[in-house]
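> Here's a sequence, model it:
(one chain, ligands or ions: 1)
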Amino acid sequence: MKGGRHCQTQSFNVHAVHFHQNAPTQSLLSVINGILDESIERKNAEIPQRVACLLRKVVLEIERRIATQAEHLRTQSNLFKAREDKYQSRIKVLEALAKGTSEESEIVMNQLQHIKSEKSKMEEKKKFEQQDTAKLQKLKDENDVEVSTLKQELEMTKRMHELRYMELETQAKLVRFDLEKRLMEQEKLLEDSKVKTEDLVEVSTLKQELEMAKKTNELHSLQLESEAKSVKSDLEKRLRKQEQLLEDSKVKIKELEMNCQTKDQRWTKKEHVYEAFLKIQWSGLEELKHTSDTIKQEMLLTQRTYLEELNQVGTKLKKLAKAAQSYHEVLNENRKLFNELQDLKGNIRVYCRVRPFRSYENQKQTILESIGEHGEMTVTNPTKPNDSQKSFRFNKVYGPMSTQAEVFSDTQPLIRTILDGYNVCIFAYGQTGSGKTYTMSGPDNAAKEDWGVNYRALDDLFQISEDRRSFFSYEIGVQMIEIYNEQIRDLLSSDGSQKKLGILATPQAHGLAVPDASMHPVRSTEDVIELMDIGLSNRSVSSTAMNERSSRSHSVVTIHVQGKDLKSGATSHGSLHLVDLAGSERVDRSEATGDRLKEAQHINKSLSALGDVIFSLSQKNPHVPYRNSKLTQVLQASLGGRAKTLMFVQVNPDVSSYSESLSTLKFAERVSGVELGAARSSKEGRDVRELMDQMASLKDTIAKKDEEIERLQKDPRSPISRRSLKNGPSSPSTKTISPKVSSLRRMGTRPKSTSDQDDFPSYYDPSIGSIHEDENEGLRSSLSMNDLTAQNTTGLGDSSTDERFSEISDGDLSVGTDTETSSSHEVAKPSNIADKRADKPRTVSRISQPSRLATARVSTGISRLSEVKTTLRAASALKKPASGSSSPAASASRRR
Ligand SMILES: Nc1ncnc2c1ncn2[C@@H]1O[C@H](COP(=O)(O)OP(=O)(O)OP(=O)(O)O)[C@@H](O)[C@H]1O
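So this is what the prediction gives:
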């Protein structure tokens, strides 16, 4: 028995040897089968326990393996999960990357590159994973095969076990039956031999043991069965789980693959989009590059052009700087030329203005016959149709319809010369009520369009000073005085005192003639207007028979202009005298008595003195009788020299004032005719030629006369020969000269300067030419003034004296009335020798004076003509002579 057990143990050990951890499951199952076979063969009670033990071990091993497989599957699953998470995070990163809009294409490119590399990595990983998956699949397949094998084995084992169990049961039944048979045999034996008790006990023990073994075996079988069942179910569960897991992982793998594919597609799409975008960007970049290149080139070109232009600008700037430098000089030159032009036009200009009829005057009875385009005018006496017409010529004649603006337009050029340091004197001259105040100031409370010369001149002055602001600074001051009864009063005195003011004995060229008169600085025309309004309200005005608001004094508004050249610092002083003269009047007509008469006499006297001064100046006499009146003393600096004088000759068109008007016109013509003829001759080439012709013919005449004189001098019977032998050529023996001769001489017959004498030695009658110049002038002045003074002082209130005064005034070229017997057109009828002699030079004078001046102008002016040609051209706006018309002097000579 012991040997049998030992043998069984050995057999189990052999199986145990086979049962090794590394043994395949097949061998484990064979071990189980072997054990079961052996246990069935041995059929003893010990077998089931060992079988169970072995089976347990085998099952444990199978469990372990399944657990290992499950663990492996879990690890795989975790690995998949981890990879999935990794993919998810990468996908998120990629999505985030994809979502994020890149501004820089390079960054996008880099990202794309990065993504591409990532993608390739991912693809590689995917490949690996796929490989892994394949491996896993393979493993799973193997597992499946194994599991199915196991299942089959299990089934087989189960079946075998059931068979064996049944066999065992049958065996057990057989054993039982055998045992029962043996028991019965034993019992029989027992019965047969009751002696053998031990055997019986043993049999019972065996029986018990058998029973026990049977029970245990049954129990074990049941237990094993249940365990196998549970293991089976457990295994099935686990298998199902594993299958489920595998399915899940497959699904997940598929999902992942799908995801990967969609993402891949998406990424490919995005890649395409990016590529397209990049292409666009590239093309844009290319374009930009191209544009940038073009712009660069353009910039370079522009830079070059700019530099060139800059250089040009630089050179231009240099030129400009030079030009600016020379501009000043040119400006000065221009001003000089302008002033020379003004000089050439003559320093004394006469503009005649005929005022319109007043409401109470008879408009049909006008003395004005016609007005020419070039300063000609004709007057006639409508009450005496048999009388001849009288023609005059001035620089300009304004008809009754002319406006204030028209009148000023010809005055304007003079105004700017004041700012260049010249003295200008503008005054109105004429009979009372002829419109002097109107021309000079305008009507009372005048609107701007009715402003007179005064206001317009000032306005212009301020305007020009404003225009020159960048080159010159000007300080302008105003004085306003009146000369009433030969006394000077300040019309702008702040204290209202009627203090008499003195005149400087020797007035400075640019100084103040009346230093005590208040000077008011002004900055605008308005300031001046205000001051002038104050001054005019202070002026002495009263009603006369001729004018209900007649000015009884001469008012003089003086504008002092102190200029400073901002560049050179040079200063200049110019002044403008705006003189509104009191009206000349015939005392008989103005019906003046008492104070009015005294006023009238003073007025006439000062006007006469003014006429003398102007005439002397126009004659270029070396002595100008300024001191004969306060008016001329005040205006001394502005009359003569380089000063420019503009005289408005005012004419009343009414026939009742014919004689006064005629007298005024005659005076004005004499003043204007001499100087302006010369001025115009230098300006107008045709006149110059004409005058040159005249000069040539005159020289011929002179030569003839010289011959005649020589012949006469040689002739001992000739009185000239006798006188010259007795007194010599410059003998002052003819000092006693009649006033008539003096007056004729004063009409311009004699040249006063030595140079003039040199040029024109025989312009005057030799018999008169022997008179000493200074003495003659002094005598003429004294005669003229003495006569006037005497008449004014002695003949007060006497109408015949007034008449005589008028005649003398006219004869002396002074102001006042004119008798109708005198006519500027009529050739003087010599009543005596003196007159006869006077007639000759008078005729010569009318022709020679312009010629002489023309020659002087030609000698200096022609050379200058080329210089001032441009200026003269620019001055073409100035009055042009009518075709075929000659200078006033020439026309005067023709008239005579
Ligand atoms: N051109 C003109 N147009 C319109 N009215 C004029 C003109 N000239 C003068 N008058 C008028 O004639 C009148 C006399 O003129 P104004 O007072 O100017 O003369 P006057 O010569 O200054 O006189 P007086 O010497 O006596 O002062 C005024 O009423 C004035 O308005």
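> In contact with residue 250, which residues?
Going by Cβ atoms under 8 Å, 6 or more residues apart in numbering, residue 250 touches no other residue. Where you see a C-beta, it was placed from the backbone N, CA and C, and this is true even at glycine.
> Which residue ranges of the stretch 201-350 of the chain form strands?
All strands of the stretch 201-350 of the chain, identified by DSSP state E, counting those that start in this stretch, fall at 348-354.
> swap that for the stretch 351-500 of the chain, sorry
Using DSSP E, counting those that start in this stretch, strands in the stretch 351-500 of the chain cover 368-371, 376-379, 390-393, 396-398, 423-430, 472-484, 487-490, 500-501.
> Counting by contacts, list what the third one packs against.
Strand 390-393 is packed against strand 376-379, helix 658-683, helix 888-895, with contacts defined by 3 or more Cβ pairs under 8 Å, 6 or more residues apart in numbering; DSSP states H and E.
> One more pass at 6 Å, please.
Strand 390-393 is packed against strand 376-379, with contacts defined by 3 or more Cβ pairs under 6 Å, 6 or more residues apart in numbering; DSSP states H and E.
> ok, the residue of the stretch 401-550 of the chain found nearest the ligand - contacts?
In the stretch 401-550 of the chain, the residue that lies nearest the ligand is residue 435 (2.7 Å; Cβ to the nearest ligand atom). Going by Cβ atoms under 6 Å, 6 or more residues apart in numbering, residue 435 touches 355, 650.
> ok, back up a step: for the strands of the stretch 351-500 of the chain, which one ends up most surrounded?
Comparing those by mean neighbour count (mean count of other Cβ atoms under 10 Å), strand 423-430 comes out on top with a mean of 26.
> Work out the sheet partners of it and label each with its direction, please.
If you go by DSSP bridges, strand 423-430 pairs up with strand 571-580 (parallel), strand 644-651 (parallel).
> which residue ranges form the helices in the stretch 51-200 of the chain?
Using DSSP state H, counting those that start in this stretch, the helices of the stretch 51-200 of the chain run over 105-192, 197-344.
> can you redo the ones you listed as a markdown table with mean pLDDT and distance to residue 466?
Formatted as a markdown table, the helices of the stretch 51-200 of the chain follow (pLDDT from 0 to 100; distance: least, Cβ to Cβ, whole Å):
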| stretch | mean pLDDT | distance to residue 466 |
| --- | --- | --- |
| helix 105-192 | 76 | 65 |
| helix 197-344 | 78 | 16 |
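> before we move on, the earlier item: for the residue of the stretch 401-550 of the chain closest to the ligand, phi and psi?
phi 110, psi 20 (degrees, to the nearest 10).
> Including distance to the ligand, could the strands of the stretch 351-500 of the chain go into a markdown table?
What follows is these, written out as a markdown table (distance: least, Cβ to the nearest ligand atom, whole Å):
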| stretch | distance to the ligand |
| --- | --- |
| strand 368-371 | 13 |
| strand 376-379 | 15 |
| strand 390-393 | 19 |
| strand 396-398 | 8 |
| strand 423-430 | 6 |
| strand 472-484 | 12 |
| strand 487-490 | 17 |
| strand 500-501 | 22 |
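> Figure out which of the ones you listed is closest to residue 133.
Nearest to residue 133 among the strands of the stretch 351-500 of the chain is strand 472-484; the distance by Cβ to Cβ comes to 104.6 Å.
> Need the contact partners of that closest one.
465, 488-492, 514, 517, 519-522, 528, 531, 535, 539-540, 553-565, 630-631.
> Which of those fall in helices?
Counting by DSSP state H, the contacts of strand 472-484 place 465, 528, 531, 535, 630, 631 in helices.
> with these in mind, which one is nearest to residue 569?
residue 465 (17.6 Å).
> Quick check: the gap between the residue nearest to that closest one when sequence neighbours are not counted and residue 530.
Nearest non-adjacent residue to residue 465, counting by Cβ to Cβ, 6 or more residues apart in numbering: residue 474, 4.3 Å away. Noted for residue 474: a distance of 19 Å to residue 530, by Cβ to Cβ, to the nearest Å.
> and if you look at residue 246?
Residue 246 is 120 Å from residue 530, by Cβ to Cβ.
> Of these two, which one has the most company?
Using other Cβ atoms under 10 Å as the criterion, residue 246 and residue 530 rank with residue 246 on top: 21 against 14.
> what about the nearest residue to the more buried one once chain neighbours are set aside, how many neighbours?
In space, and not counting its chain neighbours, residue 246 is closest to residue 140: 5.5 Å by Cβ to Cβ, 6+ apart. For residue 140, the count of nearby residues is 21 (other Cβ under 10 Å).
> quick one: which of the ones in helices among the contacts of strand 472-484 is most hemmed in?
residue 631 (28 neighbours).
> Check whether that one really touches residue 604, as I assumed.
No. Using Cβ atoms under 6 Å, residue 631 and residue 604 do not qualify as a contacting pair, with a distance of 11.6 Å.
> Count the neighbours of residue 284 for me.
With other Cβ under 10 Å as criterion, residue 284 counts 13.
> er, residue 227 actually
By other Cβ under 10 Å, 16 other residues sit near residue 227.
> and if you look at the one 10 residues further on?
When neighbours are counted by other Cβ under 10 Å, residue 237 registers 11.
> And the one 3 residues further on, by the same measure?
Applying the criterion other Cβ under 10 Å, we find 11 residues in the vicinity of residue 240.
> distance of it from the ligand?
As judged by Cβ to the nearest ligand atom, to the nearest Å, residue 240 and the ligand stand 136 Å apart.
> Relative to residue 151, how far out is that residue?
Distance from residue 240 to residue 151, by Cβ to Cβ: 12 Å.
> For the residue of the stretch 601-750 of the chain found nearest the ligand, give me the pLDDT.
Scanning the stretch 601-750 of the chain for the residue nearest the ligand gives residue 650, at 5.6 Å (criterion: Cβ to the nearest ligand atom). pLDDT recorded at residue 650 is 92.
> How about residue 653?
Reading off the model, residue 653 has pLDDT 90.
> my guess is it contacts residue 366, does it?
Yes. The criterion here is Cβ under 6 Å, and residue 653 meets it with residue 366 at 4.6 Å.
> more neighbours, the two?
Taking other Cβ under 10 Å, residue 653 and residue 366 do not tie; residue 653 has more neighbours (22 against 19).
> and stretch 71-83, which residues are buried?
73, 76, 77, 80, 83 (16 or more other Cβ atoms under 10 Å).
> The last one - nearest residue in space that isn't next to it in sequence?
In other words, residue 83. residue 129 (6.3 Å).
> any idea how far that neighbour is from the ligand?
120 Å.
> same question, residue 312
For residue 312, the distance to the ligand - Cβ to the nearest ligand atom - is 57 Å.
> likewise residue 275?
96 Å.
> heads up, I number from 41, so please use that
Understood, numbering begins at 41; the last thing we discussed is residue 315.
> Distance of that residue relative to residue 97?
For residue 315, the distance to residue 97 - Cβ to Cβ - is 66 Å.
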